[in-house]
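Enquirer: Sequence and computational prediction follow.
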Amino acid sequence: MEAKTSSKAANSPYPLRVSANGRYLVDQNDVPFLVHGDTAWSLISAVTREEAKKYLADREHKGFNSIIVNLIEHIYNGPVNRYDERPFTTPGDFTTPNEKYFAFADWCLERASEHGIQVFLAPIYLGYPGGKDNQGWYHEAIALGPARCREYGRYLGQRYASFDNIVWLMGGDRNPGAALDHVDAIVDGIKEQDERHLITAHCHPEHSVADEYARGGWLDLNVTYTYAIVHRKLLADYNRQPVMPFVLIESTYEGEHNASAVQIRRQAYWAILCGACGQFFGNLPLWGFYGPGATMEETQFFDNETHVQDTVRAGWQAALDGTGSQDMVRLKALFGSRAWYNLVPDQEHVVVTRGLGEFRGLDYLAAARTADCSTVMAYMPTSRSVTVDMSKISGEGVQSWWWDPRTGESTSAGEFPAEGYQDLTPPGDGDWVLVLDDASQNLAAPGT
């Protein structure tokens, strides 16, 4: 087949590259790129063109620049899309692509590009192992064998090489196991045609793709996927050698597991302050584009669970303006106001020395400082007094701020000499971000 020609957004920053120091991603102009992501797994399979336009326009308006999408779905909203088109003319045979299905996928990618959004595109979601072992394409891949999987990869590479706004996302919710050769074969086929795009993967929770897919030599971006103590796993991935950029690709989703608003916020703030170059926000019903009144049976994944919140049944369009989405707007504004890409996790707690919370707990204070020590940022999930060693901040004076992640408002905490220890207390209850700047920089209030 002939390679597809994508419609490119003017001055597109994509495709991204790894920075010279290996800690973050940069765009085509070498500008540091903070991955600010949303999970839209079922976009290609679950929505109409008009619904896709609505979703993408909303995410652009809220500043999201990346989304996770399944190219082919197996169970949740697939394999048939909303236009009754299947990905393969022979079910389960990756070597028999249906042009009508993939033409719609192309359309979705093009619309995302027009909105400045890159797609972490999953071409072979393997599926979470367990009671619903047919969630993904694990068994089909093994049945086809590596040679035919490689043929599928060649098809993908040729079709999508010209699309700027893609990061390939291999696997999905499980370790490759017996399908490792098959996933590697798909990547090899892609790379025969497409050397432009970054490649990463998605494994079972608590497992690192840097371990599971290390032998292939194709991994450009590591990811953190955890439901345990999130900041500990993030720091473990930051401390990996050799250095590799990483994102928090998944933790608890809003609308699942009785998640509180502070839980969704703290994992996102922990990600950036523990050295990740971005993070993905997740929401049920949004990830599956489930409509109003969807039952647990209709969502398929939650038919045996009792913790699905009532907000799920309001439908995905209502969820677009939910608390989590609004909180993510504020998060991006905060980190966009400072040199986030220069932040180094303060793992030894030499700047904020007291009020740290428990390292094995949920109230852990995560702090980071820029390499030149001109800015320090610290997130605390609960309000309490902290002690700061002001001598660790460059310059002669320190401007301090309390920033409210629930409102995006800044309150001055005072200006102090860059010497000695200073106790600081947030102006209210809840979670807070402390921002400390070398006063000579004359930086605006954080988040502005």
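Expert: Yep, that arrived. Numbers count the residues shown, from 1 in each chain.
Enquirer: the domain parsing of this structure - what is it?
Expert: 17-336, 342-441 (automatic domain parsing).
Enquirer: Quick check: which ranges of the chain have low pLDDT?
Expert: The chain contains residues with pLDDT under 70 at 1-10, 131-133, 293-313.
Enquirer: ranges for the helices of it?
Expert: All helices of the chain, identified by DSSP state H, fall at 43-46, 49-61, 99-114, 138-144, 146-160, 180-193, 209-212, 230-238, 261-273, 296-299, 316-319, 323-336.
Enquirer: could you say what helices and strands the longest one packs with?
Expert: Applying 3 or more C-beta pairs under 8 Å, 6 or more residues apart in numbering; DSSP states H and E, one finds that helix 99-114 contacts helix 43-46, helix 49-61, strand 118-122, helix 146-160. C-betas here are computed from N, CA, C, even on glycine.
Enquirer: switch to 6 Å and redo it
Expert: Counting contacts by 3 or more C-beta pairs under 6 Å, 6 or more residues apart in numbering; DSSP states H and E, helix 99-114 packs against helix 43-46, helix 49-61.
Enquirer: Report the central residue of this structure.
Expert: F280 (2.5 Å; C-alpha atoms, centre = their mean).
Enquirer: Next, work out how far apart it and R240 are.
Expert: 19 Å (C-beta to C-beta, to the nearest Å).
Enquirer: Ok, W107 next?
Expert: Counting by C-beta to C-beta, the gap from W107 to R240 is 38 Å.
Enquirer: Pull out the buried residues from stretch 20-34.
Expert: R23, Y24, L25, V26, D27, F33, L34 (16 or more other C-beta atoms under 10 Å).
Enquirer: Tell me who's in contact with the first one.
Expert: Under the criterion of C-beta atoms under 6 Å, 6 or more residues apart in numbering, the contact list for R23 reads P245.
Enquirer: show me what contacts P176?
Expert: Neighbours of P176 in contact, by C-beta under 6 Å, 6+ apart: V183.
Enquirer: rerun that using 10 Å as the cut-off
Expert: 124, 126, 138, 141, 170, 182-184, 201, 203-204, 209, 212-213, 216 (C-beta atoms under 10 Å, 6 or more residues apart in numbering).
Enquirer: of these, closest to L343?
Expert: The nearest member of the contacts of P176 to L343, counting by C-beta to C-beta, is V209 at 23.1 Å.
Enquirer: Next up, the contacts around the closest one.
Expert: 169-171, 175-176, 200-203, 219, 221-225, 237, 244, 246, 249.
Enquirer: make it 6 Å
Expert: A201, C203, V223.
Enquirer: So which of those wins on neighbours?
Expert: A201 (28 neighbours; other C-beta atoms under 10 Å).
Enquirer: roughly how far apart are E151 and G92?
Expert: Applying C-beta to C-beta, the value for E151 to G92 is 14 Å.
Enquirer: before we move on, what about L284?
Expert: Applying C-beta to C-beta to L284 and G92 gives a distance of 27 Å.
Enquirer: how much space between the nearest residue to A439 once chain neighbours are set aside and E50?
Expert: Excluding the flanking residues, the one nearest A439 by C-beta to C-beta, 6 or more residues apart in numbering is G397, at 3.7 Å. Going from G397 to E50 by C-beta to C-beta gives 55 Å.
Enquirer: same deal with L235?
Expert: In this structure, L235 and E50 are 43 Å apart, going by C-beta to C-beta.
Enquirer: ditto for V80
Expert: 19 Å.
Enquirer: Between these two, which is the more surrounded one?
Expert: V80 (13 against 8).
Enquirer: which residues touch that one?
Expert: R86 are the contacts of V80 under C-beta under 6 Å, 6+ apart.
Enquirer: Put the alpha carbons of stretch 424-434 into PDB.
Expert: C-alpha atoms of stretch 424-434 as PDB (Å, rounded to 0.1, in the frame of the first residue of the first chain):
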ATOM      1  CA  LEU A 424       6.200  28.200  57.000                       C
ATOM      2  CA  THR A 425       2.600  27.300  57.400                       C
ATOM      3  CA  PRO A 426      -0.100  27.100  54.700                       C
ATOM      4  CA  PRO A 427      -3.000  29.600  54.900                       C
ATOM      5  CA  GLY A 428      -5.600  26.900  55.200                       C
ATOM      6  CA  ASP A 429      -6.500  23.200  55.200                       C
ATOM      7  CA  GLY A 430      -6.100  20.700  52.400                       C
ATOM      8  CA  ASP A 431      -3.200  20.100  50.000                       C
ATOM      9  CA  TRP A 432      -0.700  22.900  49.000                       C
ATOM     10  CA  VAL A 433       2.300  23.700  46.900                       C
ATOM     11  CA  LEU A 434       5.100  25.700  48.300                       C
END
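Enquirer: which of the residues in it are buried?
Expert: By neighbour count with 16+ other C-beta under 10 Å, stretch 424-434 contains the buried residues L424, P426, G430, D431, W432, V433, L434.
Enquirer: and if you look at stretch 318-329?
Expert: Applying 16+ other C-beta under 10 Å to stretch 318-329 flags A319, L320, G322, T323, G324, S325, Q326, D327, M328 as buried.
Enquirer: Quick one: end-to-end distance for it.
Expert: Using C-alpha to C-alpha, to the nearest Å, the end-to-end distance of stretch 318-329 comes to 17 Å.
Enquirer: A268 - nearest residue in space that isn't next to it in sequence?
Expert: Nearest residue to A268, sequence neighbours excluded (C-beta to C-beta, 6+ apart): Q279, at 5.1 Å.
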